[in-house]
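In: Next comes the sequence, and after it the predicted model I'd like to discuss.
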Amino acid sequence: MPIVKSLFLFFLFVSILSFSNGCKNLPDVSEKIDETPKAQKPRQIVSSKGLLSPQKSKAIMERLKRSVNPTDILQRHIVVEESVSESPLTKGNKVTLLADGQATYAAMFKAIENARDHINLESYIIEDDETGRKFAGLLLKKQAEGVQVNLIYDSVGSMNTPAAFFQRLRDSGIQVVEFNPINPLKTPEKWGLTPRDHRKILIVDGKAAITGGINISEVYSGNPFKRKQNKKTPIHWRDTDIQIEGPSVAEFQKLFLDTWLKQKGPKLSGRNYFPVLKEAGNSLVRVVGSTPGEDNRITFIVYVSAITFAEHSIHMTNSYFIPDDQIVKALTDAAERGVDVKIILPGTTDSKLALYAQRYHYSALLKSGVKIYEHNTSLLHAKTAVVDKVWSTVGSTNMDFMSLLNNDEVNAVILSQEFAVEMEKMFVSDLADSRQIQWNEWKKRPLLERIREWFLNLFVRWL
C-alpha cells in the first residue's frame, strides 16, 4: 500500500505540474551559435567608470588569452554570451571562492554585520531552524539599527517554514515578499506550482554580493570530517558560493529589484541601491540571470555554448543532473574530440528519483569518454563548472528541466586564470571524495536498475 500511495501522489503531482507548466521547450542552442557571426568581436568591457574604449577592451582580452592555452571560449563563446545576455562583462571585480556552508555563512554574517544602508536577501529556502533563526536575529538587529532589510523567499522552497517566522520580520519593519504564493487565495489570477525562484543572492549596501547554491538551512552547517568518522552524524551538504565585490554587484542588484517589482513588493524606501562602485580586483564577471520563457533560458544557452567551444577541459559539478539531449550531445562531442570531460555528481541525495534519473544518462556519456564520478562523503549540492582553465561559473542552476525551464536562476561567469586555478583545486579535492564510475562495471548492472532508470526518464520534466 505505501508504494501504491507514493506512486499515486507522484502522478498527481506530475498532473498538477503539467497543468501549470503548459508546453515549454528549451531553445535550440545550435541556432543561437549559427546566428552569431564567427568574425564578430566581443563588445566592449564595462569598468567602474563606464564603457572602455575598443582598444582597452581588446588589450584586456589579449592579456587573458596569453595566460592560458588557445581556446574559443575567449572569442566565439563570449560573443554568444553577449548575444543572449543583457548583462555586461565588467572588469575590476574581486571574486572570493566560498566552499561549503560554514565559509559562506561566515562571509554572509560578516557582510550583514558591516551593512550601513541596506540588505537585500533572496533565497529559495529559508528554514525556521538554528541557522534560519540566527539569520533572522541578525537581520532584526540591523533593521533596528536603521539598515533597511528587504527579503524575498520562495513559497514552495520555504513551505515548511511557519508564517509566524516571516511575520515577525515584517512586524519589525523588514520588507518581505513571498515569491508566487502557493496559496491560491493570495494570487488566484496566476496561481501555479511553477515558476519558482531558485536564486540565492545576498547584496549588502550595493557593494558586495554573495551567490551560489546555498540556501538558509541547518543542513549546510554540518562538518564533513565528523561525517567521515561517524556515519550516524547528519549528512553534510557539499555546496559552493562566491563573494563578489566590484562593478558587477550592480547587476545582481538589478535582478533583485526586478524580481521585487514583478512580485509587486511594497514600495522600497529611498536607499542608495546603486552606489558608485570602485574596482576591487582583477576578474572579469558577467551576471547571468534566467527567467521562464524559451528566449530567457540564458544560463542553459551559456552552459551548452561553453561546452561546445571547450578545447581542453570541462570540469563540472552538479547536484540534480537530468540533462536534455543538447547538453548530453555537447558533452559527448567534447569528449570525442579529446576534451578532458569530468563530471562530479551526487552519490547520496535527498531525492532517490533524481538519482535514478541521473544515472539513465551514464551509458551514453561513459561510452563517449566522459569521466563520471559520484561524491561519496557528502550530499553534493554545488552547481559549478570550469572550462579550459579560464572560464568558470558558480550559481543556482541545476542540470534538470525544473531548473532549466521553470525557475528564476542566476549564475556568475568569471573570466580569470587565477580564479580558475582556485576552482580546479576545489574540483581536485572533490574528486578525492568521489568514486569513479567505470564503463566495464556499469554496463553489467542488473536489468531491474536499467528498467527503473528508463521508466523515470519518462518523467524527467517533473523531477
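Out: The structure has been received and is ready for your questions.

In: Can you get me a residue count around residue 117?
Out: By the measure other Cβ atoms under 10 Å, the count of residues near residue 117 is 15. Using the backbone N, CA and C atoms, a C-beta is placed for each residue, glycine as well.

In: Low-confidence stretches in the stretch 1-150 of the chain?
Out: Where the stretch 1-150 of the chain drops to pLDDT under 70, the residues are 1-23, 37-43.

In: hey, where'd the helices end up in it?
Out: 2-21, 29-35, 54-66, 76-84, 100-113, 130-144 (DSSP state H, counting those that start in this stretch).

In: what's the closest of those helices to residue 399?
Out: Across those, residue 399 has its closest neighbour in helix 29-35 (13.9 Å, Cβ to Cβ).

In: that older thread, would you point to the one among the helices of the stretch 1-150 of the chain that's packed deepest?
Out: helix 76-84 (a mean of 21; mean count of other Cβ atoms under 10 Å).

In: Quick one: residues contacting the residue most central in space within the chain.
Out: What sits nearest the mean C-alpha location of the chain, by Cα atoms, centre = their mean, is residue 396, with 1.6 Å. For residue 396, the contact set (Cβ atoms under 8 Å, 6 or more residues apart in numbering) comprises 124, 198-200, 211-213, 383, 403, 407, 409-411.

In: distance of it from residue 241?
Out: Per Cβ to Cβ, to the nearest Å, residue 396 is found 10 Å from residue 241.

In: burial of the nearest residue to residue 140 once chain neighbours are set aside, as a residue count?
Out: Distances taken as Cβ to Cβ, 6 or more residues apart in numbering place residue 172 nearest to residue 140, at 5.3 Å, with adjacent residues excluded. Neighbour count of residue 172, defined by other Cβ under 10 Å: 14.

In: thought residue 172 was touching residue 142?
Out: No - between residue 172 and residue 142 there is no contact under Cβ atoms under 8 Å: 10.1 Å.

In: any idea of the mean pLDDT for stretch 320-335?
Out: Across stretch 320-335, pLDDT averages out at 95.

In: For it, buried residues please.
Out: Buried residues in stretch 320-335, counted by 16 or more other Cβ atoms under 10 Å: 320-324, 326-332, 334-335.

In: ditto for stretch 412-430
Out: 412-417, 419-420, 422-423, 426-427, 430.

In: farthest pair in those residues?
Out: Longest span within those, Cβ to Cβ: 415 and 430, 22.3 Å.

In: how near is residue 84 to residue 300?
Out: Computed as Cβ to Cβ, the residue 84 to residue 300 distance reads 10 Å.

In: tally of neighbours for residue 255?
Out: Neighbourhood size, residue 255 [other Cβ under 10 Å]: 24.

In: three-state assignment of the residue nearest to it when sequence neighbours are not counted?
Out: Closest residue to residue 255 apart from its sequence neighbours, by Cβ to Cβ, 6+ apart: residue 289 at 4.7 Å. State at residue 289, reduced to three classes by DSSP: H, G, I helix; E, B strand; the rest coil: strand.

In: isn't residue 289 right up against residue 259?
Out: No - counting by Cβ under 8 Å, residue 289 does not reach residue 259; the two are 9.1 Å apart.

In: So between those two, which is more surrounded?
Out: Taking other Cβ under 10 Å, residue 289 and residue 259 do not tie; residue 289 has more neighbours (25 against 22).

In: Mind listing the residues bridging to the more buried one?
Out: Residues in a beta bridge with residue 289, per DSSP bridges, are residue 410.

In: per-residue confidence at it?
Out: Reading off the model, residue 289 has pLDDT 94.

In: if I look at it, how far off is residue 252?
Out: Look at residue 289 and residue 252: by Cβ to Cβ, they are 9 Å apart.

In: Quickly list what's touching both of the two.
Out: Shared contacts of residue 289 and residue 252, defined by Cβ under 8 Å, 6+ apart, are found at residue 410.

In: where are the low-confidence patches of the stretch 251-400 of the chain?
Out: Scanning the stretch 251-400 of the chain for pLDDT under 70 picks out 294-295.

In: so where do the strands sit in it?
Out: Ranges of strands within the stretch 251-400 of the chain are 283-290, 313-317, 340-346, 371-375, 379-380, 384-387, 391-395, based on DSSP state E, counting those that start in this stretch.

In: So for residue 151, which of the ones you listed sits nearest?
Out: Across the strands of the stretch 251-400 of the chain, closest to residue 151 is strand 283-290 (Cβ to Cβ), at 18.5 Å.

In: For the stretch 351-463 of the chain, which segments are assigned as helices?
Out: 352-359, 362-368, 401, 417-432, 439-442, 447-457.

In: Just tell me which of those helices ends up closest to residue 117.
Out: Residue 117 lies closest to helix 417-432 among the helices of the stretch 351-463 of the chain, at 28.0 Å (Cβ to Cβ).

In: what's in contact with the closest one?
Out: The contact list for helix 417-432, computed with Cβ under 8 Å, 6+ apart, reads 64, 67-68, 95, 97, 99, 238, 240, 282-283, 315, 317, 342, 344, 373, 375, 380, 382, 384, 386, 389-392, 414.

In: if we go to 7 Å?
Out: The contact list for helix 417-432 (Cβ atoms under 7 Å, 6 or more residues apart in numbering) reads 67-68, 95, 97, 99, 283, 315, 317, 344, 373, 375, 384, 386, 389-390, 392.

In: Report the mean per-residue pLDDT for that helix.
Out: Average pLDDT, helix 417-432: 98.

In: got the CA positions of it in CSV?
Out: Only the C-alpha atoms of helix 417-432 are listed here, as CSV (Å, rounded to 0.1, in the frame of the first residue of the first chain):
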residue,chain,number,x,y,z
GLN,A,417,43.0,32.3,-14.9
GLU,A,418,43.7,32.9,-11.2
PHE,A,419,40.2,32.2,-10.1
ALA,A,420,40.1,29.1,-12.4
VAL,A,421,43.1,27.8,-10.6
GLU,A,422,41.2,28.0,-7.3
MET,A,423,38.2,26.3,-8.9
GLU,A,424,40.4,23.5,-10.2
LYS,A,425,41.9,22.9,-6.7
MET,A,426,38.4,22.7,-5.2
PHE,A,427,37.5,20.2,-8.0
VAL,A,428,40.5,18.0,-7.3
SER,A,429,39.5,18.0,-3.6
ASP,A,430,36.0,16.9,-4.5
LEU,A,431,37.4,14.2,-6.8
ALA,A,432,39.3,12.7,-3.8
